[in-house]
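Student: Provide a 3D model corresponding to the input given below.
(4 chains)
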2 protein chains.
Amino acid sequence: MHDVARLAGVSIKTVSNVVNDYNHIRPETRKRVLDAIETLGYRPNLSARGLRSGRTGVISLIIPDLRNAYFAELADAVMRAADTQNLSVIIEQSGDSRERELSLLTGPRRQMVDGILYSVLALGEDDAHLLDAIDTPMVLLGERIFHGPTDHVTMRNTEGARAATEHLISLGRTRIVALGAHRGEVVGSAGLRLRGYRQALDDAGLPYDEALVGEVGGWYRKEGADAMRRLVASGVPFDGVVAFNDLIALGAMRVMQEAGLSIPADVAVIGFDDIDETRYTLPSLSTINPGREEIAEVAVRLLMERIASPGVAIAPREHLSAFTVVPRESSAAV
Amino acid sequence: MHDVARLAGVSIKTVSNVVNDYNHIRPETRKRVLDAIETLGYRPNLSARGLRSGRTGVISLIIPDLRNAYFAELADAVMRAADTQNLSVIIEQSGDSRERELSLLTGPRRQMVDGILYSVLALGEDDAHLLDAIDTPMVLLGERIFHGPTDHVTMRNTEGARAATEHLISLGRTRIVALGAHRGEVVGSAGLRLRGYRQALDDAGLPYDEALVGEVGGWYRKEGADAMRRLVASGVPFDGVVAFNDLIALGAMRVMQEAGLSIPADVAVIGFDDIDETRYTLPSLSTINPGREEIAEVAVRLLMERIASPGVAIAPREHLSAFTVVPRESSAAV
DNA sequence: GCGGAGAGTTCCAACGTTGTAATGTGCGTA
DNA sequence: TACGCACATTACAACGTTGGAACTCTCCGC
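Tutor: Reported below is the predicted structural model:
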C-alpha cells in the first residue's frame, strides 16, 4: 500500500480511501491510484483490514454433514447468496454431535468470522439460553430452536407435510405411512412434519394409525430402508408413503421395489427437500421443495444486517420460506 | 491478552508464549496463565495473529460444484483432514467456468488463505504456466494439469477404468459401452479413463468400437441419461456399461430400465467414484472407489508442508491414490 | 566466589490497514 | 477582503498479536 501511494504520489490513506470507495476523491486522483494498484498488482491484506476494522468478510456455516445432499445443496445456496455480498464462507461440520456443535459455537475460530449461520441439529429448545452468551451475530436454520435470541429462518414444515399428505389423499390413498418420525419429538423437523401429516389425515377424516408411523434414528437412506423393511415385515397394509426427507424416501422405495411393490401403482410416495437426485431416480420422486434459495438468501441478508450494525440490539426475527409441492412419477395417478 | 497478563501477573508476551506452546515455561506459570485465560474467557484475535505471523490457519478449496456428490464428499474428506491440523476450510465454487476459476486464483480473497487446494476443471495443461505467477502454496487435485509447478494429487484414472472394464469382461461381457467421453480430450479424467477402457479391451482381444463410446457434455445424471437415450435409439447392441462417474451411470441406468433392459441380466453396469448413493440405488451400483480419504489426507499434508516452509522451493510432487473395485448388484453374476 | 550455560521472562517494534481529526484547497457570499 | 462551507487529502494513532533481542535468575562446575 505504501508502494502504491508512492507511485501514485498520494498518501497511503488516499489509497485506502480509493480502495474503500470513499466519496470525496477527485476522479483524476482515483484513476492515478487505480493505475498504480494495477501496475504493482497490489492486493489488500485482509488480516490487517480485519484487525483494524473488526470485520473479516467471512461467515461460517455450521451444518451436520456435507455428504447429506440436503446440506450440500443448502451450502451451495448459501455460498451463492454470500458471494453476491462479497462474503466468503467457512463450512464447519458438526456431525450430529452435540458436543461438537457447542465447541464450534464457542471455539477460537469464531474469532475469525463476522457471523454464523447455524443449522441446528443436536441442540434443542432448552439450549436456547446457551446462545445468549454468544455475541457473534447469528442466524439459525432448521427446526430445533424456535424462540432463541437470534434470527431464525426455515421452511413451513407442518404446512409442507400437510400438503404432501393431502397430495396423496387426493390420489385416493387412505393408508398412508409417515416415515421418519423421531420418538417423542415435538419441536424438530420430524415432530413438525408429523403434526402436518396428522392434520391432513384429520381434515380428510382418516384415522391416525400408529402402526403406520415409521420411526427412524437418522434421516439417511439406510434408516429409511430399515424402517420400510420393518414395516413390510410387519404385514401392515399401506398404499402411500410420506417420507420426511428424500433420502428416507429413496431408501424406502428401494426396499419396496425389492419386495415387489410397484410405485406408484401399489404405493404412492412423496419425499421432502427436492434434492437434485429425486429427478433421476426410477421412478422420479415427488417431493416438497422447501424453498432453499429463499432460505439461503434471507438468512444471509438477516445476518448481514446484524453484522452491519454491531452493538445494536435487533429483536429476533423469524422467516418462513414458501414451499411447493413437486409432483413426479412416484405419485402419478395410476 | 493484556487483561490475561495482568490477572496472571506476567507479561503479555508470556501469555502469547503459553498460547503458542513455547518450550520454556515453568509449569506453574503456565497454569497461572491458563487459569486467567479460562476466567476471562480470552480468545486470541485471529486477524491480529494472521497479520503478525503471516498465517491465517485457513485454506481454500476450489471445486466446481458442491451439488455434485463427488465434490461434496471430497469436500467432506478435505474438511476432516484439515480439521486434524486445526485448519479451517473456505470452499469456493468455480461452477465449471474458466473465467471464474482464474478469478478465484488471483482475486483478493487469496490474501486470506495460507494455501489452496485446487480441483482443476476448466483450465488445461496449457494453462499450467498461469500457476507460476501464484505464490500462495497450492496443491492440485484432478486430472487437467499434470506437469505444473505445484504438487498434484489424484487417483489412478487409467488403471481404475481398466480395472472396471476388466471386471465386466470377467463376467463375460463383450460389447461394453464407455459412457462419459469428451470429444478429443486426452489428458482430463475422461481421456484417461477412456484410455484405460481401451487398454482392457485390447488386452482381452476385444475390438474397440466407436459406436459404443458415448460422449457427453458434462458428468451429471442428465448427460448420462441423454447419452444412453441416444445409444438405445441407435439400436447398437451392448451388454455392459462402464460409466466414467457414478452420476452418469445412474442417469443411464434409469433410461435402460425405462427401456425395459434388466440390470445386470441384460446389461452389467459399473460406475466411478463410489458416492454414498450407489449403495442404495436399485440395483446398487458397482463402482470404483478412488481413495478419496487418501487423496484428501495427502493433499492437506503436502499443502501443510509447503505452508510450513515459506520461501523454500519444493520440487513438485505427485501422488496417485490407491483405488479399489467395489462390486455390487449392477454387475452381479447372473 | 566466579564464570557461564541455559531456562524463563520481558521489552520493543512491527505486521498493513483504517478511524478520527486535522489540514489544505477552491468557491460563493456577505 | 473576509468568511463559511464543501470538497479533497493527509498525519497519526491504534487494532492485538508475535519475532527477536535482551534481560534476569538459577544452577552447575571449577
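Student: residues from the stretch 1-150 of chain A in reach of DNA strand C?
Tutor: The stretch 1-150 of chain A comes close to DNA strand C at residues A:1-2, A:12-13, A:16, A:19-20, A:42-45, A:48-49, A:51-53, as judged by Cβ under 7 Å from any atom of the strand. In this view, the C-beta of every residue, glycine as well, is placed from N, C-alpha and C.
Student: most neighbours among those residues, which one?
Tutor: Compared across these, residue A:49 has the highest neighbour count, 21 neighbours, by other Cβ atoms under 10 Å in any protein chain shown.
Student: how far out from the middle of the chain is the host helix or strand of residue A:153?
Tutor: Here residue A:153, judged by DSSP states H and E, is contained in strand A:151-155. For strand A:151-155, the separation from the chain centroid amounts to 9 Å (computed by Cα atoms, centre = their mean, to the nearest Å).
Student: now stretch A:92-105: buried residues?
Tutor: Within stretch A:92-105, the residues scored as buried using 16 or more other Cβ atoms under 10 Å in any protein chain shown are A:92-94, A:100-101, A:104-105.
Student: do it and chain B meet?
Tutor: Yes - interface with chain B: stretch A:92-105 contributes A:92-93 (Cβ under 8 Å from any Cβ of the partner chain).
Student: as a check, name the ranges of all helices in the stretch 151-300 of chain A.
Tutor: A:157-170, A:189-204, A:221-234, A:246-258, A:292-308 (DSSP state H, counting those that start in this stretch).
Student: for the ones you listed, which one ends up most surrounded?
Tutor: Among the helices of the stretch 151-300 of chain A, helix A:246-258 has the highest mean neighbour count (mean count of other Cβ atoms under 10 Å in any protein chain shown), at a mean of 25.
Student: is it anywhere near chain B?
Tutor: Yes - applying Cβ under 8 Å from any Cβ, one finds helix A:246-258 in contact with chain B at A:250-251, A:253-254, A:257-258.
Student: OK, contacts around the residue nearest to residue A:165 when sequence neighbours are not counted?
Tutor: Nearest residue to residue A:165, sequence neighbours excluded (Cβ to Cβ, 6 or more residues apart in numbering or on different chains): residue A:200, at 3.5 Å. By Cβ atoms under 8 Å, 6 or more residues apart in numbering or on different chains, the contact list for residue A:200 reads A:161-166, A:169.
Student: any idea how far residue A:200 is from DNA strand C?
Tutor: 53 Å (Cβ to the nearest atom of the strand, to the nearest Å).
Student: same deal with residue A:100?
Tutor: Separation of residue A:100 from DNA strand C (Cβ to the nearest atom of the strand) stands at 32 Å.
Student: over to residue A:212?
Tutor: Using Cβ to the nearest atom of the strand, one obtains 59 Å as the distance from residue A:212 to DNA strand C.
Student: quick one: secondary structure of the closest residue to residue A:87 other than its chain neighbours?
Tutor: Setting aside the residues directly before and after it, residue A:87 is nearest to residue A:59 in space (Cβ to Cβ, 6+ apart), at 5.5 Å. Secondary structure state of residue A:59, per DSSP: H, G, I helix; E, B strand; the rest coil, is strand.
Student: would you quantify the distance from residue A:59 to residue A:110?
Tutor: Here residue A:59 is placed at a distance of 11 Å from residue A:110 (Cβ to Cβ, to the nearest Å).
Student: possible to save the helices of the stretch 151-300 of chain A as a markdown table with mean pLDDT and distance to DNA strand D?
Tutor: Shown next, in a markdown table, are those (pLDDT from 0 to 100; distance: least, Cβ to the nearest atom of the strand, whole Å):
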| stretch | mean pLDDT | distance to DNA strand D |
| --- | --- | --- |
| helix A:157-170 | 97 | 41 |
| helix A:189-204 | 95 | 39 |
| helix A:221-234 | 94 | 44 |
| helix A:246-258 | 93 | 43 |
| helix A:292-308 | 94 | 17 |
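Student: so which of those helices gets nearest residue A:81?
Tutor: helix A:292-308 (4.1 Å; Cβ to Cβ).
Student: mind giving me the packing neighbours of that closest one?
Tutor: strand A:58-63, helix A:69-84, strand A:115-119, strand A:138-141, strand A:151-155, strand A:318-321 (3 or more Cβ pairs under 8 Å, 6 or more residues apart in numbering or on different chains; DSSP states H and E).
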